[in-house]
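Enquirer: Mind folding the following:
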Amino acid sequence: MPVKKKWLETLEEETLEPNLRICDPHHHLWQHPDSIYLTEDLLKDTNTGHNVISTVFVECMSEYHKDSTRALAPVGETEFVEKLAIENAESNTQTDIARAIIGFADLSLGDSVEQVFDAHLETSPNRFKGIRHASGWDSSDQIRNSHTNPTRFLYLDKNFQKGFAKLIDYGFTFDAWLYHPQHEDLLELARSFPNQIIVLDHVGGPLGIGPYQTRRLSVFQSWKKTMKQLAECENVVVKLGGLSMALTGFEWHKKDKPPNSIELAEATAPYFDFCIERFGTKRCMFESNFPVDKVSCSYNVLWNSFKRITLSFSEEEKRDLFHDVAAKTYGLKESLI
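Expert: Next up, the predicted model:
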């Protein structure tokens, strides 16, 4: 979905708490035929007022090797982002872009996925920290399934779990992306591998379009039930964000004016507050999910909305949510050059 830059520019806000250190643990960099979002684009967003000192790149199926096997093709994305990250670090910008890289490997390869892990690490020995294998799937043709073209019960597949079991040997994290009706699959996976760190992206993907469009309250109640169960798994960490995507059904991108941070905070607080209450601040981290969420709001307004939600929080709790949990989860180091 295209970003309407002029539409976003119609709203400006003063940055709240501009000195608060932020690690943005979820963004993309890509060169797609119909969309480009590279380092300079991200820096334009991060430099709009907030103190974003580092970021985490998450795979988005861009720049795959075309002359490689299907299994090893995703290493091209890691190579691409590693190069961008080094160039950015050497230019001494305020923000250390892609301090950590979360790439893709088809865990359904089972034991043989290790060759892909090794190739990622060889390409990015200091930044490469984990794998995301998205499994978003829904029976409705109005819901777009994940870019990985997953099977319905991917996380329960035996071959997938064989590959998943290899993550801990490499010290990798696992980013999970799925939709709220699939939470029980992730719950079973988390319980089966209690020592594997699982990062749940975008508060678990509560859907609000297609057959879910008129069921926001029932979806919210169902989402809370399974999120409560996931919170009982101490190996699960949750990213607070992603609700500005079109699939959540808030439809901010269809309005005459973009939402301000008060509007965003009021709409998203029930989800974020519930996660913080259940998971605790030591297992939650705010994320931008840019440029995907940019369809609805600017970077400055988005992070202002997060800060509005946490106005009454202690300084330690804010450090957890905006920086420390992300840094700890992804093992960020102070300097990579």
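
Enquirer: Please enumerate the strands of the stretch 1-150 of the chain.
Expert: 21-27, 30-32, 35-37, 51-58, 96-103, 128-132 (DSSP state E, counting those that start in this stretch).

Enquirer: Residues contacting the fourth one, please?
Expert: When contacts are defined by C-beta atoms under 8 Å, 6 or more residues apart in numbering, strand 51-58 is touched by residues 18-29, 42, 46, 81, 85, 94-102, 129, 132, 175, 201, 323, 326-327, 330, 332. C-beta coordinates here come from the backbone N, C-alpha and C atoms, glycine included.

Enquirer: Select only the buried ones of those in ChimeraX?
Expert: A single ChimeraX command selects the buried members of the contacts of strand 51-58 (16 or more other C-beta atoms under 10 Å):
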select :20,22,23,24,25,26,27,28,29,42,46,81,85,95,96,97,98,99,100,101,102,129,132,175,201,323,326,327,330,332
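
Enquirer: From the chain's centroid, how far away is the longest helix seen in the chain?
Expert: Identified as the longest helix of the chain according to DSSP state H is helix 261-279. What separates the centre of helix 261-279 from the centre of its chain is 17 Å, taken as C-alpha atoms, centre = their mean, to the nearest Å.

Enquirer: Over that helix, what's the mean pLDDT, rounded is fine.
Expert: What helix 261-279 shows for mean pLDDT is 98.

Enquirer: Name the next helix or strand downstream of that helix, please.
Expert: Next helix or strand after helix 261-279 toward the C-terminus (DSSP states H and E): strand 284-286.

Enquirer: Run me through the strand neighbours of that following strand, direction for each.
Expert: strand 236-240 (parallel) (DSSP bridges).

Enquirer: what's the longest helix of the chain in contact with?
Expert: Contacts of helix 261-279 (C-beta under 8 Å, 6+ apart): 13, 16, 203, 206, 220, 223-224, 227-228, 231, 236-238, 240, 243-244, 250, 252, 259, 284, 297, 301-302, 304-309, 321.

Enquirer: Sort out for me which of these are in helices.
Expert: Per DSSP H, the contacts of helix 261-279 map to helices at 220, 223-224, 227-228, 231, 301-302, 304-309.

Enquirer: ok, the closest residue in space to Asp293 that isn't next to it in sequence - contacts?
Expert: Using C-beta to C-beta, 6 or more residues apart in numbering and skipping the chain neighbours, the partner closest in space to Asp293 is Ser244 (3.8 Å). Neighbour list for Ser244: Phe250, Trp252, Leu264, Asn289, Asp293, Lys294, Val295, Ser296, Cys297, Leu302 [criterion: C-beta under 8 Å, 6+ apart].
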